[in-house]
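[1] got a structure for you, letters missing:
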(Lines give C-alpha, C1' and ligand atoms only; values in the text may rest on other atoms or scores of the structure.)
Protein backbone atom coordinates (compact mmCIF):
# COMPACT_ATOMS: atom_id res chain seq x y z
CA UNK A 1 0.00 0.00 0.00
CA UNK A 2 1.28 3.45 -0.89
CA UNK A 3 1.89 5.97 1.87
CA UNK A 4 1.73 9.72 1.42
CA UNK A 5 2.78 12.66 3.51
CA UNK A 6 0.07 15.18 4.33
CA UNK A 7 -0.53 17.16 1.14
CA UNK A 8 -2.79 20.08 0.25
CA UNK A 9 -3.93 19.96 -3.36
CA UNK A 10 -5.04 23.21 -4.91
CA UNK A 11 -8.08 22.87 -7.15
CA UNK A 12 -8.61 26.48 -8.07
CA UNK A 13 -6.37 29.48 -8.68
CA UNK A 14 -9.25 31.90 -8.32
CA UNK A 15 -8.52 34.80 -6.00
CA UNK A 16 -11.38 34.92 -3.51
CA UNK A 17 -11.72 37.56 -0.79
CA UNK A 18 -11.74 36.15 2.74
CA UNK A 19 -13.53 37.49 5.79
CA UNK A 20 -11.39 38.21 8.83
CA UNK A 21 -12.87 39.20 12.16
CA UNK A 22 -12.40 42.93 11.57
CA UNK A 23 -14.09 42.78 8.20
CA UNK A 24 -16.93 40.70 9.67
CA UNK A 25 -17.46 43.29 12.37
CA UNK A 26 -17.44 46.15 9.84
CA UNK A 27 -20.02 44.40 7.66
CA UNK A 28 -22.15 43.74 10.71
CA UNK A 29 -22.05 47.39 11.86
CA UNK A 30 -22.70 48.81 8.38
CA UNK A 31 -25.61 46.43 7.75
CA UNK A 32 -27.06 47.10 11.19
CA UNK A 33 -26.80 50.83 10.54
CA UNK A 34 -28.62 50.45 7.23
CA UNK A 35 -31.33 48.36 8.87
CA UNK A 36 -31.66 50.91 11.69
CA UNK A 37 -31.99 53.81 9.27
CA UNK A 38 -34.75 51.98 7.40
CA UNK A 39 -36.55 51.05 10.60
CA UNK A 40 -36.33 54.68 11.72
CA UNK A 41 -38.90 55.47 9.06
CA UNK A 42 -41.46 53.24 10.72
CA UNK A 43 -42.79 55.20 13.74
CA UNK A 44 -44.44 58.01 11.78
CA UNK A 45 -45.82 55.75 9.10
CA UNK A 46 -46.48 52.76 11.36
CA UNK A 47 -48.84 54.69 13.66
CA UNK A 48 -50.72 55.93 10.61
CA UNK A 49 -51.15 52.48 9.08
CA UNK A 50 -51.71 50.28 12.14
CA UNK A 51 -55.28 51.44 12.71
CA UNK A 52 -56.26 51.11 9.04
CA UNK A 53 -54.67 47.65 8.91
CA UNK A 54 -56.84 46.42 11.77
CA UNK A 55 -60.08 48.06 10.64
CA UNK A 56 -59.97 47.95 6.84
CA UNK A 57 -58.20 44.67 5.95
CA UNK A 58 -60.56 41.70 5.54
CA UNK A 59 -59.82 38.60 7.59
CA UNK A 60 -59.23 36.61 4.39
CA UNK A 61 -56.96 39.23 2.87
CA UNK A 62 -53.38 38.77 1.70
CA UNK A 63 -50.30 40.95 2.10
CA UNK A 64 -51.24 42.78 -1.12
CA UNK A 65 -54.55 43.91 0.44
CA UNK A 66 -52.84 45.53 3.41
CA UNK A 67 -52.09 49.26 3.34
CA UNK A 68 -48.65 50.54 2.42
CA UNK A 69 -46.46 53.33 3.76
CA UNK A 70 -48.08 56.53 2.55
CA UNK A 71 -44.77 58.21 1.72
CA UNK A 72 -43.75 55.54 -0.81
CA UNK A 73 -44.52 56.24 -4.48
CA UNK A 74 -46.15 53.59 -6.65
CA UNK A 75 -43.65 50.88 -7.61
CA UNK A 76 -42.84 50.92 -11.35
CA UNK A 77 -44.12 47.96 -13.38
CA UNK A 78 -40.58 46.86 -14.29
CA UNK A 79 -39.54 46.54 -10.63
CA UNK A 80 -40.97 43.27 -9.33
CA UNK A 81 -39.06 43.15 -6.04
CA UNK A 82 -36.96 45.52 -3.96
CA UNK A 83 -36.49 44.41 -0.37
CA UNK A 84 -34.02 44.02 2.48
CA UNK A 85 -34.03 41.25 5.10
CA UNK A 86 -32.06 41.19 8.34
CA UNK A 87 -32.06 38.05 10.49
CA UNK A 88 -30.38 36.86 13.66
CA UNK A 89 -30.12 33.09 14.21
CA UNK A 90 -28.68 30.66 16.72
CA UNK A 91 -27.46 27.25 15.50
CA UNK A 92 -26.42 24.80 18.22
CA UNK A 93 -24.63 22.33 15.87
CA UNK A 94 -23.16 23.99 12.79
CA UNK A 95 -21.04 20.95 11.78
CA UNK A 96 -23.67 18.28 12.46
CA UNK A 97 -21.68 16.14 14.91
CA UNK A 98 -22.74 14.10 17.93
CA UNK A 99 -21.60 13.43 21.44
CA UNK A 100 -18.58 15.07 23.02
CA UNK A 101 -17.02 15.80 19.65
CA UNK A 102 -14.30 18.40 19.15
CA UNK A 103 -16.20 19.80 16.15
CA UNK A 104 -19.43 20.28 18.10
CA UNK A 105 -19.77 24.04 17.70
CA UNK A 106 -22.62 26.49 18.13
CA UNK A 107 -22.84 30.03 16.83
CA UNK A 108 -24.95 33.14 16.55
CA UNK A 109 -25.38 34.02 12.89
CA UNK A 110 -26.21 37.43 11.42
CA UNK A 111 -27.71 37.41 7.94
CA UNK A 112 -28.25 40.45 5.71
CA UNK A 113 -29.93 39.99 2.35
CA UNK A 114 -31.15 42.62 -0.16
CA UNK A 115 -33.22 41.45 -3.14
CA UNK A 116 -33.67 43.07 -6.54
CA UNK A 117 -36.16 41.71 -9.07
CA UNK A 118 -36.75 43.10 -12.57
CA UNK A 119 -39.79 42.44 -14.77
CA UNK A 120 -38.82 43.22 -18.38
CA UNK A 121 -42.10 42.18 -20.01
CA UNK A 122 -43.42 45.80 -20.26
CA UNK A 123 -40.47 46.63 -22.52
CA UNK A 124 -41.96 44.37 -25.22
CA UNK A 125 -45.47 45.82 -25.18
CA UNK A 126 -47.39 42.68 -26.20
CA UNK A 127 -47.54 40.51 -23.07
CA UNK A 128 -49.41 37.78 -24.95
CA UNK A 129 -46.15 36.79 -26.70
CA UNK A 130 -43.49 37.46 -24.06
CA UNK A 131 -45.37 36.38 -20.96
CA UNK A 132 -42.42 36.39 -18.56
CA UNK A 133 -38.94 37.86 -18.71
CA UNK A 134 -37.51 38.39 -15.26
CA UNK A 135 -34.12 38.81 -13.64
CA UNK A 136 -33.39 38.57 -9.96
CA UNK A 137 -30.34 39.12 -7.77
CA UNK A 138 -30.23 38.15 -4.10
CA UNK A 139 -26.87 38.47 -2.31
CA UNK A 140 -26.81 37.09 1.23
CA UNK A 141 -24.10 37.88 3.77
CA UNK A 142 -23.80 35.36 6.63
CA UNK A 143 -21.60 36.10 9.64
CA UNK A 144 -20.86 33.28 12.12
CA UNK A 145 -19.85 35.16 15.27
CA UNK A 146 -18.47 32.15 17.13
CA UNK A 147 -16.90 30.40 14.12
CA UNK A 148 -15.61 33.03 11.61
CA UNK A 149 -14.17 30.34 9.30
CA UNK A 150 -17.75 29.61 8.23
CA UNK A 151 -18.54 33.15 7.08
CA UNK A 152 -19.74 33.32 3.49
CA UNK A 153 -21.67 35.41 0.97
CA UNK A 154 -24.09 33.74 -1.43
CA UNK A 155 -24.69 35.50 -4.74
CA UNK A 156 -27.93 34.18 -6.25
CA UNK A 157 -29.04 35.02 -9.77
CA UNK A 158 -32.40 33.89 -11.19
CA UNK A 159 -33.72 34.19 -14.75
CA UNK A 160 -37.15 33.23 -16.10
CA UNK A 161 -38.29 33.41 -19.72
CA UNK A 162 -41.72 32.41 -21.07
CA UNK A 163 -42.66 33.02 -24.70
CA UNK A 164 -45.91 32.02 -26.40
CA UNK A 165 -46.29 32.23 -30.19
CA UNK A 166 -49.44 30.50 -31.37
CA UNK A 167 -49.18 26.75 -30.84
CA UNK A 168 -45.55 27.03 -29.74
CA UNK A 169 -44.31 28.02 -26.28
CA UNK A 170 -40.87 28.21 -24.71
CA UNK A 171 -39.99 28.37 -21.02
CA UNK A 172 -36.58 28.66 -19.38
CA UNK A 173 -35.82 28.79 -15.67
CA UNK A 174 -32.25 29.16 -14.43
CA UNK A 175 -30.85 29.60 -10.94
CA UNK A 176 -27.14 30.41 -10.69
CA UNK A 177 -25.40 30.58 -7.31
CA UNK A 178 -21.85 31.61 -6.50
CA UNK A 179 -20.81 31.03 -2.90
CA UNK A 180 -17.92 33.26 -1.79
CA UNK A 181 -16.66 31.23 1.16
CA UNK A 182 -13.58 29.47 2.40
CA UNK A 183 -11.63 27.09 0.13
CA UNK A 184 -10.66 24.97 3.15
CA UNK A 185 -13.03 22.15 4.11
CA UNK A 186 -13.44 21.10 7.76
CA UNK A 187 -11.27 18.48 9.45
CA UNK A 188 -13.12 15.83 11.46
CA UNK A 189 -11.77 13.13 13.72
CA UNK A 190 -12.25 9.64 12.34
CA UNK A 191 -12.96 8.68 8.75
CA UNK A 192 -15.95 8.98 6.42
CA UNK A 193 -17.80 6.15 8.17
CA UNK A 194 -17.95 8.05 11.45
CA UNK A 195 -20.39 10.83 10.46
CA UNK A 196 -23.64 11.28 8.62
CA UNK A 197 -23.58 12.38 4.98
CA UNK A 198 -25.97 15.16 6.05
CA UNK A 199 -23.37 16.38 8.52
CA UNK A 200 -20.74 16.82 5.80
CA UNK A 201 -23.33 18.63 3.64
CA UNK A 202 -23.77 21.40 6.20
CA UNK A 203 -20.30 23.02 5.85
CA UNK A 204 -20.12 22.04 2.15
CA UNK A 205 -22.91 24.50 1.29
CA UNK A 206 -20.94 27.35 2.90
CA UNK A 207 -17.69 26.76 0.98
CA UNK A 208 -16.48 28.40 -2.22
CA UNK A 209 -18.41 26.92 -5.16
CA UNK A 210 -20.69 27.40 -8.14
CA UNK A 211 -24.13 25.82 -8.42
CA UNK A 212 -26.40 25.98 -11.45
CA UNK A 213 -29.93 24.61 -11.94
CA UNK A 214 -31.62 25.01 -15.32
CA UNK A 215 -34.78 23.74 -16.99
CA UNK A 216 -35.81 24.29 -20.62
CA UNK A 217 -39.07 23.28 -22.32
CA UNK A 218 -40.22 23.85 -25.91
CA UNK A 219 -43.85 22.80 -26.41
CA UNK A 220 -46.20 22.40 -29.39
CA UNK A 221 -49.90 22.37 -28.40
CA UNK A 222 -53.01 21.08 -30.15
CA UNK A 223 -56.57 20.70 -28.85
CA UNK A 224 -56.14 17.24 -27.39
CA UNK A 225 -52.39 16.64 -27.26
CA UNK A 226 -48.99 18.30 -26.99
CA UNK A 227 -45.36 17.45 -27.73
CA UNK A 228 -42.63 18.90 -25.51
CA UNK A 229 -38.85 18.91 -25.82
CA UNK A 230 -37.31 19.08 -22.34
CA UNK A 231 -33.81 19.47 -20.90
CA UNK A 232 -32.39 20.05 -17.43
CA UNK A 233 -29.03 20.63 -15.75
CA UNK A 234 -27.90 20.26 -12.14
CA UNK A 235 -24.26 21.39 -11.75
CA UNK A 236 -21.88 21.64 -8.77
CA UNK A 237 -18.36 23.04 -9.09
CA UNK A 238 -16.72 22.67 -5.67
CA UNK A 239 -13.66 24.91 -5.44
CA UNK A 240 -12.29 23.74 -2.10
CA UNK A 241 -8.76 22.36 -1.80
CA UNK A 242 -8.09 18.66 -1.44
CA UNK A 243 -5.82 17.30 1.27
CA UNK A 244 -4.43 13.98 2.51
CA UNK A 245 -4.64 15.19 6.12
CA UNK A 246 -6.44 12.65 8.31
CA UNK A 247 -10.08 13.66 8.80
CA UNK A 248 -10.01 16.37 6.13
CA UNK A 249 -13.24 16.40 4.12
CA UNK A 250 -12.58 16.28 0.37
CA UNK A 251 -15.44 17.22 -1.98
CA UNK A 252 -15.71 16.52 -5.71
CA UNK A 253 -17.43 18.22 -8.65
CA UNK A 254 -20.55 16.56 -10.06
CA UNK A 255 -23.38 17.22 -12.47
CA UNK A 256 -26.48 15.68 -14.01
CA UNK A 257 -27.58 16.70 -17.52
CA UNK A 258 -30.44 15.19 -19.49
CA UNK A 259 -32.77 15.85 -22.41
CA UNK A 260 -35.69 14.19 -24.11
CA UNK A 261 -39.32 14.46 -25.14
CA UNK A 262 -42.79 14.23 -23.56
CA UNK A 263 -46.02 13.32 -25.33
CA UNK A 264 -49.12 14.60 -23.56
CA UNK A 265 -52.81 13.79 -23.94
CA UNK A 266 -55.31 16.28 -22.46
CA UNK A 267 -58.00 14.39 -20.59
CA UNK A 268 -59.45 17.77 -19.54
CA UNK A 269 -58.78 21.39 -20.48
CA UNK A 270 -56.33 21.85 -17.60
CA UNK A 271 -55.14 18.29 -16.98
CA UNK A 272 -53.03 15.85 -19.02
CA UNK A 273 -51.31 12.47 -18.85
CA UNK A 274 -47.80 12.22 -20.29
CA UNK A 275 -45.37 9.63 -21.60
CA UNK A 276 -41.73 10.73 -21.71
CA UNK A 277 -38.16 9.68 -22.39
CA UNK A 278 -34.87 11.11 -21.12
CA UNK A 279 -31.27 10.38 -22.03
CA UNK A 280 -28.84 11.65 -19.43
CA UNK A 281 -25.29 11.69 -18.14
CA UNK A 282 -24.08 11.93 -14.56
CA UNK A 283 -20.53 12.97 -13.80
CA UNK A 284 -18.57 12.41 -10.60
CA UNK A 285 -15.06 13.84 -10.42
CA UNK A 286 -12.21 11.48 -9.54
CA UNK A 287 -10.18 12.32 -6.44
CA UNK A 288 -6.44 12.72 -6.86
CA UNK A 289 -4.28 9.59 -6.74
CA UNK A 290 -2.72 10.79 -3.49
CA UNK A 291 -6.17 10.60 -1.85
CA UNK A 292 -7.69 7.65 -3.71
CA UNK A 293 -5.11 5.35 -5.24
CA UNK A 294 -7.84 3.34 -7.01
CA UNK A 295 -9.15 6.46 -8.83
CA UNK A 296 -12.79 5.47 -8.34
CA UNK A 297 -15.73 7.30 -9.92
CA UNK A 298 -19.43 6.48 -10.40
CA UNK A 299 -19.89 8.46 -13.63
CA UNK A 300 -22.72 6.90 -15.69
CA UNK A 301 -25.18 7.24 -18.56
CA UNK A 302 -28.90 6.53 -18.22
CA UNK A 303 -32.15 6.17 -20.15
CA UNK A 304 -35.48 6.87 -18.46
CA UNK A 305 -39.04 6.06 -19.47
CA UNK A 306 -41.51 8.30 -17.61
CA UNK A 307 -45.26 8.15 -17.11
CA UNK A 308 -46.78 11.29 -15.64
CA UNK A 309 -49.68 13.61 -14.96
CA UNK A 310 -49.75 17.42 -14.83
CA UNK A 311 -52.18 20.29 -14.46
CA UNK A 312 -55.27 20.96 -12.32
CA UNK A 313 -57.78 18.12 -12.18
CA UNK A 314 -59.79 20.33 -9.82
CA UNK A 315 -59.65 24.11 -9.29
CA UNK A 316 -58.20 23.71 -5.82
CA UNK A 317 -55.43 21.24 -6.78
CA UNK A 318 -52.31 21.68 -8.91
CA UNK A 319 -50.34 18.51 -9.60
CA UNK A 320 -47.18 17.48 -11.44
CA UNK A 321 -45.64 13.99 -11.32
CA UNK A 322 -43.38 11.78 -13.45
CA UNK A 323 -41.91 8.37 -12.69
CA UNK A 324 -40.58 5.21 -14.24
CA UNK A 325 -37.59 2.88 -14.73
CA UNK A 326 -34.05 4.26 -14.98
CA UNK A 327 -31.73 2.06 -17.08
CA UNK A 328 -28.23 2.80 -15.76
CA UNK A 329 -24.88 2.04 -17.44
CA UNK A 330 -21.56 2.39 -15.58
CA UNK A 331 -17.99 1.93 -16.72
CA UNK A 332 -16.66 -1.50 -15.76
CA UNK A 333 -14.22 0.10 -13.30
CA UNK A 334 -16.98 1.91 -11.38
CA UNK A 335 -17.38 0.87 -7.71
CA UNK A 336 -20.90 -0.55 -8.11
CA UNK A 337 -22.43 -3.97 -7.61
CA UNK A 338 -23.84 -4.06 -11.17
CA UNK A 339 -22.47 -2.11 -14.16
CA UNK A 340 -25.87 -2.26 -15.90
CA UNK A 341 -28.78 -1.93 -13.55
CA UNK A 342 -32.39 -0.78 -13.47
CA UNK A 343 -33.32 1.72 -10.78
CA UNK A 344 -36.40 3.82 -10.14
CA UNK A 345 -36.87 7.55 -10.79
CA UNK A 346 -39.83 9.63 -9.63
CA UNK A 347 -40.51 13.29 -8.92
CA UNK A 348 -43.80 14.87 -7.85
CA UNK A 349 -45.22 18.08 -6.43
CA UNK A 350 -48.74 19.08 -5.48
CA UNK A 351 -50.41 22.18 -4.04
CA UNK A 352 -53.91 22.06 -2.55
CA UNK A 353 -55.74 25.29 -1.68
CA UNK A 354 -57.98 23.76 0.98
CA UNK A 355 -59.60 27.11 1.75
CA UNK A 356 -58.91 30.82 1.44
CA UNK A 357 -56.79 30.53 4.57
CA UNK A 358 -55.25 27.05 4.27
CA UNK A 359 -52.74 25.65 1.78
CA UNK A 360 -51.19 22.19 1.72
CA UNK A 361 -48.10 21.30 -0.36
CA UNK A 362 -46.35 18.02 -1.12
CA UNK A 363 -42.95 17.20 -2.65
CA UNK A 364 -41.42 13.83 -3.44
CA UNK A 365 -38.30 12.72 -5.27
CA UNK A 366 -36.35 9.48 -5.59
CA UNK A 367 -33.37 9.02 -7.89
CA UNK A 368 -29.86 7.65 -8.37
CA UNK A 369 -27.25 10.38 -7.85
CA UNK A 370 -23.55 10.58 -6.98
CA UNK A 371 -21.89 11.38 -3.68
CA UNK A 372 -20.25 14.78 -3.13
CA UNK A 373 -17.49 13.06 -1.16
CA UNK A 374 -16.48 10.94 -4.15
CA UNK A 375 -16.26 7.34 -5.38
CA UNK A 376 -19.80 5.91 -5.13
CA UNK A 377 -23.38 6.51 -6.28
CA UNK A 378 -26.28 6.91 -3.88
CA UNK A 379 -30.04 6.43 -3.92
CA UNK A 380 -31.61 9.65 -2.67
CA UNK A 381 -35.20 10.03 -1.47
CA UNK A 382 -37.17 13.08 -0.32
CA UNK A 383 -40.64 13.25 1.24
CA UNK A 384 -41.95 16.67 2.26
CA UNK A 385 -45.33 17.89 3.51
CA UNK A 386 -46.01 21.57 4.16
CA UNK A 387 -48.96 23.44 5.62
CA UNK A 388 -49.62 27.19 5.61
CA UNK A 389 -52.37 28.79 7.66
CA UNK A 390 -53.47 32.42 7.49
CA UNK A 391 -54.46 33.10 11.09
CA UNK A 392 -55.49 36.71 10.46
CA UNK A 393 -55.06 39.22 7.66
CA UNK A 394 -51.62 40.02 9.11
CA UNK A 395 -50.47 36.83 10.83
CA UNK A 396 -49.50 33.60 9.02
CA UNK A 397 -48.18 30.27 10.34
CA UNK A 398 -46.30 27.59 8.43
CA UNK A 399 -45.32 24.04 9.37
CA UNK A 400 -43.16 21.67 7.30
CA UNK A 401 -42.11 18.08 7.86
CA UNK A 402 -39.42 16.42 5.75
CA UNK A 403 -37.78 13.00 5.53
CA UNK A 404 -34.60 12.50 3.49
CA UNK A 405 -32.62 9.34 2.97
CA UNK A 406 -29.29 8.60 1.28
CA UNK A 407 -28.58 4.92 0.66
CA UNK A 408 -24.96 4.19 -0.32
CA UNK A 409 -25.23 0.40 -0.36
CA UNK A 410 -25.39 0.29 -4.17
CA UNK A 411 -21.64 1.06 -4.13
CA UNK A 412 -18.81 -1.32 -3.24
CA UNK A 413 -15.86 0.97 -2.55
CA UNK A 414 -15.25 -0.56 0.86
CA UNK A 415 -16.72 -0.07 4.30
CA UNK A 416 -17.28 3.68 3.82
CA UNK A 417 -19.83 2.98 1.07
CA UNK A 418 -21.90 0.71 3.32
CA UNK A 419 -24.15 3.27 4.93
CA UNK A 420 -27.77 4.38 4.92
CA UNK A 421 -28.41 7.80 6.44
CA UNK A 422 -31.73 9.46 7.26
CA UNK A 423 -32.52 13.07 8.10
CA UNK A 424 -35.82 14.02 9.78
CA UNK A 425 -36.64 17.74 9.73
CA UNK A 426 -39.43 19.72 11.35
CA UNK A 427 -39.65 23.46 10.81
CA UNK A 428 -42.24 26.03 11.80
CA UNK A 429 -42.56 29.80 11.79
CA UNK A 430 -44.82 32.81 12.31
CA UNK A 431 -44.84 35.87 10.03
CA UNK A 432 -46.54 39.11 11.04
CA UNK A 433 -47.11 41.73 8.34
CA UNK A 434 -47.33 45.20 9.89
CA UNK A 435 -48.38 46.43 6.47
CA UNK A 436 -47.51 45.74 2.83
CA UNK A 437 -43.94 46.99 3.31
CA UNK A 438 -42.87 45.66 6.68
CA UNK A 439 -43.01 42.17 8.22
CA UNK A 440 -41.42 40.25 11.08
CA UNK A 441 -40.70 36.53 11.29
CA UNK A 442 -39.76 34.05 13.99
CA UNK A 443 -38.83 30.45 13.04
CA UNK A 444 -37.55 27.18 14.48
CA UNK A 445 -35.94 24.20 12.71
CA UNK A 446 -35.14 20.77 14.17
CA UNK A 447 -32.86 18.26 12.39
CA UNK A 448 -32.54 14.66 13.54
CA UNK A 449 -29.93 12.66 11.58
CA UNK A 450 -30.19 8.91 12.10
CA UNK A 451 -28.32 5.80 10.98
CA UNK A 452 -30.32 3.00 9.27
CA UNK A 453 -27.47 0.60 8.53
CA UNK A 454 -27.57 -2.57 10.60
CA UNK A 455 -24.56 -3.44 12.77
CA UNK A 456 -22.68 -0.22 12.03
CA UNK A 457 -19.80 0.05 14.50
CA UNK A 458 -19.75 3.85 14.35
CA UNK A 459 -23.56 4.28 14.39
CA UNK A 460 -23.62 6.77 17.31
CA UNK A 461 -21.26 9.09 15.44
CA UNK A 462 -23.45 9.00 12.34
CA UNK A 463 -26.32 10.55 14.25
CA UNK A 464 -26.79 14.12 15.44
CA UNK A 465 -29.43 16.59 16.56
CA UNK A 466 -29.50 20.19 15.39
CA UNK A 467 -31.61 23.16 16.51
CA UNK A 468 -31.86 26.47 14.68
CA UNK A 469 -33.92 29.45 15.87
CA UNK A 470 -34.17 32.79 14.10
CA UNK A 471 -35.81 36.19 14.28
CA UNK A 472 -35.90 38.46 11.24
CA UNK A 473 -37.50 41.45 9.59
CA UNK A 474 -38.12 42.32 5.94
CA UNK A 475 -38.65 45.78 4.48
CA UNK A 476 -39.92 45.86 0.91
CA UNK A 477 -41.17 48.38 -1.59
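    Nice, I can see it. None of the values given here were measured: they were computed from a predicted structure.

[2] how far away is residue 165 from residue 421?
    47 Å (CB to CB, to the nearest Å). For every residue, glycine as well, the C-beta is placed using N, CA and C.

[3] the two - which one has more neighbours?
    Neighbours were tallied for residue 165 and for residue 421 using other CB atoms under 10 Å; the higher tally belongs to residue 421 (22 against 10).

[4] next one, pLDDT for residue 436 please.
    Confidence at residue 436, expressed as pLDDT, is 92.

[5] same question, residue 102
    66.

[6] what does residue 22 give?
    pLDDT, read off for residue 22, is 38.

[7] and residue 376, by the same measure?
    Turning to residue 376, the model gives it a pLDDT of 89.

[8] now do residue 457
    For residue 457, pLDDT reads 64.

[9] distance between the ends of stretch 69-81?
    16 Å (CA to CA, to the nearest Å).

[10] ok now that stretch, how far from the chain's centre?
    Here stretch 69-81 shows a centroid-to-chain-centroid distance of 29 Å under the convention CA atoms, centre = their mean, to the nearest Å.

[11] residue 297: which element?
    Using DSSP states H and E, residue 297 falls within no helix or strand.

[12] residues in contact with it?
    Contact partners of residue 297, counting by CB atoms under 8 Å, 6 or more residues apart in numbering, are 284-286, 331, 334, 374-375.

[13] list buried residues within these.
    284-286, 334, 374-375 (16 or more other CB atoms under 10 Å).

[14] which SSE is immediately downstream of the lowest-mean-pLDDT helix or strand in the chain?
    One helix or strand of the chain scores below all others by mean pLDDT, DSSP states H and E: helix 42-56, with a mean of 33. Next helix or strand after helix 42-56 toward the C-terminus (DSSP H and E): strand 79-91.

[15] tell me the strands beside that following strand, with direction?
    strand 107-119 (antiparallel), strand 464-476 (antiparallel) (DSSP bridges).

[16] looking at the ones you listed, which is closest to residue 326?
    strand 464-476 (31.2 Å; CB to CB).

[17] beta partners of the closest residue to residue 181 other than its chain neighbours?
    Residue nearest to residue 181 in three dimensions, not counting chain neighbours: residue 152, with 3.4 Å by CB to CB, 6 or more residues apart in numbering. Beta-bridge pairing for residue 152 (DSSP bridges): residue 142.

[18] now residue 152: how far from residue 335?
    Counting by CB to CB - residue 152 and residue 335 are separated by 32 Å.

[19] who has more neighbours, the two?
    Set side by side, residue 152 and residue 335 show more neighbours around residue 152, with 21 against 18, by other CB under 10 Å.

[20] I'd say the more buried one and residue 177 touch.
    No: using CB atoms under 8 Å, residue 152 is not in contact with residue 177; the gap is 11.2 Å.

[21] list the buried residues in the host helix or strand of residue 429.
    Element membership of residue 429 [criterion: DSSP H and E] is strand 420-433. For strand 420-433, a neighbour-count test (16+ other CB under 10 Å) marks 420-423, 425, 427, 429, 431, 433 as buried.

[22] how about the residues you listed in TSV, adding pLDDT?
    Converted to TSV, the buried residues of strand 420-433 look like this (pLDDT from 0 to 100):
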residue	pLDDT
420	90
421	93
422	96
423	97
425	98
427	98
429	98
431	98
433	97
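
[23] could you dump those to TSV with distance to residue 93?
    Listed next are the buried residues of strand 420-433 as TSV, based on distance: CB to CB, whole Å:
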residue	distance to residue 93
420	21
421	16
422	17
423	13
425	13
427	15
429	20
431	25
433	32
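
[24] so where's the stretch 1-150 of the chain shaky on pLDDT?
    Within the stretch 1-150 of the chain, the stretches with pLDDT under 70 are 1-64, 99-102, 126.

[25] now do the stretch 351-477 of the chain
    For the stretch 351-477 of the chain (pLDDT under 70), the answer is 413-417, 457-459.

[26] quick one on the thing from earlier: immediately after the strand holding residue 429, which helix or strand?
    Per DSSP H and E, the helix or strand that comes after strand 420-433 is strand 438-451.

[27] picking that back up, nearest to residue 112, of the buried ones among the contacts of residue 297?
    residue 285 (33.3 Å).

[28] the closest one against residue 251, yeah?
    No: shown here, residue 285 and residue 251 do not form a contact pair, counting by CB under 8 Å, at 9.0 Å.
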